[in-house]
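Enquirer: How does the following fold in three dimensions:
(one chain, ligands or ions: 1)
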Amino acid sequence: MAIPRSQYLSSVWRDGIFDGKVIFCTGGGGTICSAQVRAMVHLGANACIIGRNVAKTEAMAKSIATARKGAKVIGIGEVDVRRIDTLEKAVERTVKELGGIDYVIAGAAGNFLSPISGLSANAFKTVIDIDTIGSYNTLKATLPQLLISAAKNPNTATNPSTGGRIIFISATFHYTGMPLQTHAAVAKAGVDALSASVALEYGPRGITSNVLTPGPIAGTEGMARLGGSQPEGAGNPLQRWGSVKEIADGTVYLFSDTGSYVNGEVLVVDGGGWRAPASMGSQEMAYPGFLLADLSTKAKL
Ligand code: HXC
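Expert: Take a look at the predicted model:
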């Protein structure tokens, strides 16, 4: 059954704005990325979502396809972003079946809570490999297609048309440092640097590269895996966790005409949580309740 639009996309966006376009998304089987892709498909795009689990990825592709009559959505579930050859094969299939790639979301991530004392060298490396190297591999594998798209859709003041755009999904851990998240903080710092460098190096060829950073979002699988639940006051000034719709809306903003002059930026959609000062109860802001609980019970620092 189709999920109602109001759950994953605001009413302000016009149907058809991504007609004829194709989006390629890693981590597309997850709660946040699937909502981003669902929104793009609703507005006209066809899509390829990538994951490591065949059944989950294919089922999600089918579900996303219900967002628009006639939508084509491929789910490829044998891809590990740590292996560029698997990504290259997925890109090849996407081009063959959907005709090219105009937008990319590098969304695949791996995470768990652990103090430094509990992190083996391989545990640390695994998260860097998935988040940082995986984002780089996603860029490398899709770049030739992004360049073709950007050349077809020149982004000028009089024609701010879309195409040749990439969004990297990041976090705010590394702005302050984060206990139990050293591995993810280091990995996401690399992702932010990667995006900024792409923006500078490929801007002259019409590509835009930006980071979209979700704060705590209600109902995500990732948060559930980390054992997170919404604390009282939600740990941010807006006093609530965000919705997947609010991340999807940010995505449409960056990929559509509205975002044509945004390049090398970080769009943080976290209710202002990471900025909150101590006077606003920033212990809870900076360290959501479940992190604090973990710190006291399991982190022998
Ligand atoms: C310490 C751990 C660990 C843990 C795994 N390791 N879990 N160390 N604490 N809880 C160690 C293992 O012992 C091993 O090291 C190394 O990490 C690799 O583990 P594997 O299980 O072999 O790796 P793999 O099968 O590739 O799985 C990768 C993974 C896993 C990251 C460990 O959790 C995963 O597949 N996650 C994908 C989904 C995911 O995490 N999504 C969350 C994204 S959400 P040794 O030394 O033993 O070999 C997100 C936003 C979070 O990122 C927002 C938070 C506020």
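Enquirer: Quick check: residues of this protein near the ligand?
Expert: 109-112, 114, 118-120, 122-123, 126-127, 130, 222, 225-226 (CB under 6 Å from any ligand atom). Using the backbone N, CA and C atoms, a C-beta is placed for each residue, glycine as well.
Enquirer: Secondary structure of residue 123: a helix, I assume?
Expert: Yes - counting by DSSP: H, G, I helix; E, B strand; the rest coil, residue 123 is found in a helix.
Enquirer: Distance from the chain centre to stretch 248-262, please.
Expert: Relative to its parent chain, stretch 248-262 has a centroid offset of 14 Å by CA atoms, centre = their mean, to the nearest Å.
Enquirer: From start to finish, how long is it in a straight line?
Expert: 17 Å (CA to CA, to the nearest Å).
Enquirer: Just the closest residue of the stretch 201-301 of the chain to the ligand, please.
Expert: Closest contact between the stretch 201-301 of the chain and the ligand, by CB to the nearest ligand atom, is at residue 222 (2.7 Å).
Enquirer: That residue: which element?
Expert: Using DSSP states H and E, residue 222 sits in helix 221-225.
Enquirer: After that helix, which helix or strand is next?
Expert: As assigned by DSSP H and E, the chain's next helix or strand after helix 221-225 is helix 244-255.
Enquirer: Show me what that next one is packed up against.
Expert: helix 31-42, strand 165-169, strand 208-214, strand 266-269 (3 or more CB pairs under 8 Å, 6 or more residues apart in numbering; DSSP states H and E).
Enquirer: Please identify which of the ones you listed is closest to residue 192.
Expert: Nearest to residue 192 among the helices and strands packed on helix 244-255 is strand 208-214 (5.5 Å), distances taken as CB to CB.
Enquirer: so what secondary structure elements neighbour the closest one?
Expert: Against strand 208-214 (3+ CB pairs under 8 Å, 6+ apart) you get strand 165-169, helix 182-202, helix 244-255, strand 266-269.
Enquirer: Check the ones you listed for me and report the most buried one.
Expert: Of all the helices and strands packed on strand 208-214, strand 165-169 has the most neighbours on average by mean count of other CB atoms under 10 Å, namely a mean of 27.
Enquirer: Show me what stretch 34-41 is in contact with.
Expert: Outside stretch 34-41, the residues within contact range by CB atoms under 8 Å, 6 or more residues apart in numbering are 3, 8-9, 13, 18, 21, 23, 25, 28, 47, 49, 60, 63-65, 67-68, 71, 73, 103, 105, 107, 244-245, 247-249, 251-252, 255.
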